[in-house]
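Participant: got a predicted structure plus its sequence, pasted below:
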Amino acid sequence: MATQIREREVIVADVVRETKDSTTLYLSEDENNPEYKAGQFLTVDPHQFPALERWCLYLEKEKGRKEPVRAYSLASAPHEKYVSFTIKEDPYYPDEDPYPPLLSPLLTFRIPVGTKMTVKGYTGSYIVNDEIASKATTIFHGCAGSGIVPNFSIIKDELHNGSSKKHILIFTNKTWNDIIYREELHSLKKKYPDKLTIIHMITRENNPDLEQFGVRWGRPTIELLQEVIEDPSTTAAFICGPGISSYEKKAAKKKGLELVPKFLETMLKYVDEIGIPKEMIKKESW
């Protein structure tokens with residue numbers, strides 16, 4: 001199946017607030033059943049929104065370059081009625097980035113049903129490719145925060161299509177209420193108990209009552225991966241979450257500082273050390 005990468009005129013058919021700072025937009029377009037693969041993404045150009053016109057001009061003057069398009073992973077699976085993507089408002093930490101977020105606050109909080117917009121898609125290699133499809137018996141999903149979005153698409157697609165693969169999701173969030181798609185994931189686990197295992201890692205909350213929902217406390221460890229992954233040689237890993245940004249790399253190099261690994265770097269180290277083949281490892285970060 002060849003994906004069709006082009007500009008698409010869409011209408012926002014529905015808006016669902018997932019958490020206090022994340023929203024899913026469901027898109028309607030003229031083309032019926034647009035072709036894409038689970039785990040791919042679309043891009044959105046901020047220049048199309050009148051509310052951002054002055055911000056674009058200001059930031060472009062400050063940066064000395066045009067504001068780029070933003071990429072957002074698809075939350076939907078190809079069998080679903082609408083193409084959808086989930087946006088989490090980017091926080092602003094002046095010590096880590098000199099510029100405040102431009103597009104994510106608008107998409108998260110200020111896009112009503114009926115909004116017309118242009119997106120470009122669909123593309124991306126964060127997919128179950130032919131090699132993974134033929135060799136893997138298990139897919140391990142290591143996600144943090146909005147890193148769940150493309151993996152949610154992949155899990156739904158695999159389960160819907162009757163794949164024999166088992167899926168193990170370790171999903172890290174600050175609190176129980178920060179978990180995007182929490183109820184949907186719980187429903188999938190109930191429907192496919194033999195194919196989907198979910199472990200929620202909570203880092204800033206400790207409520208023993210939540211342990212009945214598969215909650216553990218703290219961050220993932222290599223020992224946890226060794227516990228849940230029976231045969232790394234036949235396992236594929238899809239790792240998505242915050243990683244060290246290019247700005248942080250430049251700033252650290254300028255100051256002669258050593259960077260502390262973030263979620264992405266840590267999880268990639270774990271899956272490599274337990275023996276998952278490099279060609280079976282996929283990664284995405286922001």
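Facilitator: Thanks, I have it.
Participant: mind checking which helix or strand residue 200 is in?
Facilitator: Using DSSP states H and E, residue 200 sits in strand 196-202.
Participant: and whichever helix or strand comes after that strand, which residues are buried?
Facilitator: Going down the chain from strand 196-202, the next helix or strand is strand 215-217, by DSSP H and E. Neighbour-count burial for strand 215-217 flags 215, 216 (criterion: 16 or more other C-beta atoms under 10 Å). Placement of C-beta: from N, CA and C, glycine included.
Participant: list the contacts of residue 213.
Facilitator: Residue 213 makes contacts with 186, 200, as judged by C-beta atoms under 8 Å, 6 or more residues apart in numbering.
Participant: and if we set it to 10 Å?
Facilitator: Going by C-beta atoms under 10 Å, 6 or more residues apart in numbering, residue 213 touches 176, 179, 182, 185, 186, 189, 198, 200.
Participant: with residue 75 instead?
Facilitator: By C-beta under 10 Å, 6+ apart, the residues touching residue 75 are 16, 18, 24-26, 82-87, 146, 148-153, 156, 180-181, 184.
Participant: kindly recompute the last result at 6 Å.
Facilitator: 24, 84, 85, 86, 149, 152, 153 (C-beta atoms under 6 Å, 6 or more residues apart in numbering).
Participant: now, those that are in strands?
Facilitator: Counted as lying in strands by DSSP state E, out of these, are 24, 84, 85, 86.
Participant: neighbour count and distance to residue 229 added to the residues you listed, as TSV?
Facilitator: Shown next, in TSV, are the ones in strands among the contacts of residue 75 (neighbours: other C-beta atoms under 10 Å; distance: C-beta to C-beta, whole Å):
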residue	neighbour count	distance to residue 229
24	19	30
84	21	30
85	25	29
86	26	27
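Participant: hmm, back to that, which elements pack onto the strand holding residue 200?
Facilitator: When contacts are defined as 3 or more C-beta pairs under 6 Å, 6 or more residues apart in numbering; DSSP states H and E, strand 196-202 sits against strand 166-173, helix 182-191, strand 215-217.
Participant: redo the ones you listed as CSV? Include mean pLDDT.
Facilitator: Formatted as CSV, the helices and strands packed on strand 196-202 follow (pLDDT from 0 to 100):
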stretch, mean pLDDT
strand 166-173, 98
helix 182-191, 97
strand 215-217, 96
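Participant: identify, out of the ones you listed, the most deeply packed stretch.
Facilitator: Compared across those, strand 166-173 shows the largest average neighbour count, a mean of 23 (mean count of other C-beta atoms under 10 Å).
Participant: just want the angle from that one to strand 196-202.
Facilitator: Computed by axes from the mean of the first three to the mean of the last three C-alpha atoms, to 10 degrees, the angle separating strand 166-173 from strand 196-202 equals 10 degrees.
Participant: list just the nearest of the contacts of residue 213 to residue 274.
Facilitator: The nearest member of the contacts of residue 213 to residue 274, counting by C-beta to C-beta, is residue 198 at 19.4 Å.
Participant: how far away is residue 214 from residue 267?
Facilitator: Computed with C-beta to C-beta, to the nearest Å, the distance linking residue 214 and residue 267 is 18 Å.
Participant: these two: who's more crowded?
Facilitator: A count of neighbours by other C-beta atoms under 10 Å puts residue 267 above the other of residue 214 and residue 267, at 29 against 17.
Participant: so that one touches residue 239, yeah?
Facilitator: Yes. Counting by C-beta atoms under 6 Å, residue 267 does reach residue 239; the two are 4.7 Å apart.
Participant: okay, and the common contacts of the two?
Facilitator: Counting by C-beta under 6 Å, 6+ apart, the common neighbours of residue 267 and residue 239 are residue 142.
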